[in-house]
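1. Using only what follows, build the 3D model:
(one chain, ligands or ions: 2)
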Amino acid sequence: MSRSETLFANAQKHIPGGVNSPVRAFKSVGGTPLFFKHAEGAYVTDEDDKRYVDYVGSWGPMILGHSHPDVLDAVRKQLVHGLSYGAPTAMETEMADLVCSIVPSMEMVRMVSSGTEATMSAIRLARGFTGRDSIIKFEGCYHGHSDSLLVKAGSGALTQGVPSSAGVPAAFAKHTLTLPFNDLEEVEKMLGEVGQEVACIIVEPVAGNMNCVPPAPGFLEGLRSLCDQHGVVLIFDEVMTGFRVALGGAQAHYGVTPDLSTFGKIIGGGMPVGCFGGKRKIMECIAPLGPVYQAGTLSGNPLAMAAGLTTLRLISRPGFHAELTDYTTRLLDGLQVRADAAGIPFVTTQAGGMFGLYFSGADDIVTFEDVMASDANRFKRFFHLMLEGGVYLAPSAFEAGFTSIAHGETELKITLDAAERAFAALK
Ligand SMILES: Cc1ncc(COP(=O)(O)O)c(C=O)c1O
Ligand SMILES: NCC(=O)CCC(=O)O
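-> Ligands and ions are numbered 1, 2, ... in the order given. The predicted structure is shown next:
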């Protein structure tokens, strides 16, 4: 038995499924989850001392690559001053100021400890602000695991085949209206019927939890104008896209301004962080200023602020995102050429430093149905062949891939060589 196999067997005794988050289980691809003990730059090392080029990046945060020395130094420097105070710190203001300067739609910011908390709080705020109960989300989009948002959700929920979770009271779920992603007509129809009851539309501006589906031209713009028309709060869930598809996130990349945004992952540089924010007049409804309650013992945690601030500063250098995007494009072009040469139907999607891989003969991937029509079984075989070749992809056909600035020529070659062998073996 490998060490990962032994560790996984032991883990299952006291941890449900042996994992602390379902996406880590290899349930849909089969086999044993790898247990990691080290990560540096573009690589993760497992307990059996095998090194992999990593395209998961802790599910998004590690845009600088793992263990960036400046980020580790910042955390070390803070460490000697204490782990948490439960009182304000100067760094929290620095973080709020920096986020507002990078993302102009953010006029006020509240820090939390996860993406789930960010989206959960943002929809409560939208409900408190509008006095309306219903929310609109899109099928296959994942916004964390709060009750209202686990209806027709993506990510692990979709991977495990239970997109609507047990344990969510029907009385909650009935307020979540779910529509097809990239279908503006359906949104228009729904708002025409019940617009007065809808507090917010929450959307992943690039859907990254059903593989990777960029917005169709006009979709985000259309949501913006429909929200204006019906007095609905537009929330961009940028937990995944924020600071990744462009420094200013998807809202900068696509030029559409939401009322509220949620961030996570990169903003914590690998520590547990999220935030939500946006228009001042909405954010002023939050306690202690207003009547919408929201709180957190560890919110704005000093170690997390140190890691997050350092990460945001490093990725703010001119050219960073162009470089990240360029690597990603070269990776996808290289994969396409090799799949074509092997005669494997294959298509990719990209938004800056995030990407999708599909075993599909479709020209493009635009809808949830396009995603579901791709060959998940073929992905499963590809996933394991890539592992053998030293490349770690997300263990699901329904997750976006992530590159980091530490990925360079060497990693590109390892990945494309592994893919060439994998495509040949798939024939
Ligand atoms: C778009 C999006 N929103 C929200 C979340 C929830 O974040 P977290 O896992 O930090 O709770 C995630 C990922 O998990 C996500 O991808
Ligand atoms: N796309 C999947 C995630 O971003 C979340 C990771 C997790 O739930 O562990």
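
2. Quick check: residue 312 vs ligand 2, distance?
-> 19 Å (C-beta to the nearest ligand atom, to the nearest Å). Where C-beta positions appear, they are placed from N, C-alpha and C, glycine not excepted.

3. which parts of the stretch 1-150 of the chain sit against ligand 2?
-> 21, 23, 59 (C-beta under 6 Å from any ligand atom).

4. where along the chain do the strands fall?
-> For the chain, the strands defined by DSSP state E occupy 36-40, 43-46, 51-54, 108-112, 134-138, 176-179, 198-203, 233-237, 260-264, 274-278, 347-351, 354-358, 391-392, 401-402.

5. Could you double-check that residue 244 sits in contact with residue 61?
-> No. Applying C-beta atoms under 8 Å, one finds residue 244 not in contact with residue 61, separated by 9.5 Å.

6. any chance of the strands of the chain in a markdown table, plus mean pLDDT and mean neighbour count?
-> As requested, the strands of the chain are exported to a markdown table (pLDDT from 0 to 100; neighbours: other C-beta atoms under 10 Å):
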| stretch | mean pLDDT | mean neighbour count |
| --- | --- | --- |
| strand 36-40 | 98 | 15 |
| strand 43-46 | 98 | 20 |
| strand 51-54 | 98 | 22 |
| strand 108-112 | 98 | 23 |
| strand 134-138 | 97 | 25 |
| strand 176-179 | 95 | 20 |
| strand 198-203 | 98 | 26 |
| strand 233-237 | 99 | 29 |
| strand 260-264 | 99 | 29 |
| strand 274-278 | 98 | 28 |
| strand 347-351 | 98 | 22 |
| strand 354-358 | 98 | 26 |
| strand 391-392 | 98 | 21 |
| strand 401-402 | 98 | 26 |
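
7. Please render those strands as TSV that adds distance to residue 419 to the earlier fields.
-> Shown next, in TSV, are these (distance: least, C-beta to C-beta, whole Å):
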stretch	distance to residue 419
strand 36-40	22
strand 43-46	17
strand 51-54	11
strand 108-112	38
strand 134-138	31
strand 176-179	35
strand 198-203	32
strand 233-237	31
strand 260-264	30
strand 274-278	34
strand 347-351	11
strand 354-358	10
strand 391-392	8
strand 401-402	12
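
8. about what we covered before: higher neighbour count, residue 244 and residue 61?
-> Legend: neighbour count by other C-beta atoms under 10 Å for residue 244 and residue 61, higher for residue 244 (31 against 26).

9. Quick check: the closest residue to residue 23 other than its chain neighbours vs ligand 2, distance?
-> Excluding the flanking residues, the one nearest residue 23 by C-beta to C-beta, 6 or more residues apart in numbering is residue 156, at 4.2 Å. The gap separating residue 156 from ligand 2 is 6 Å, by C-beta to the nearest ligand atom.
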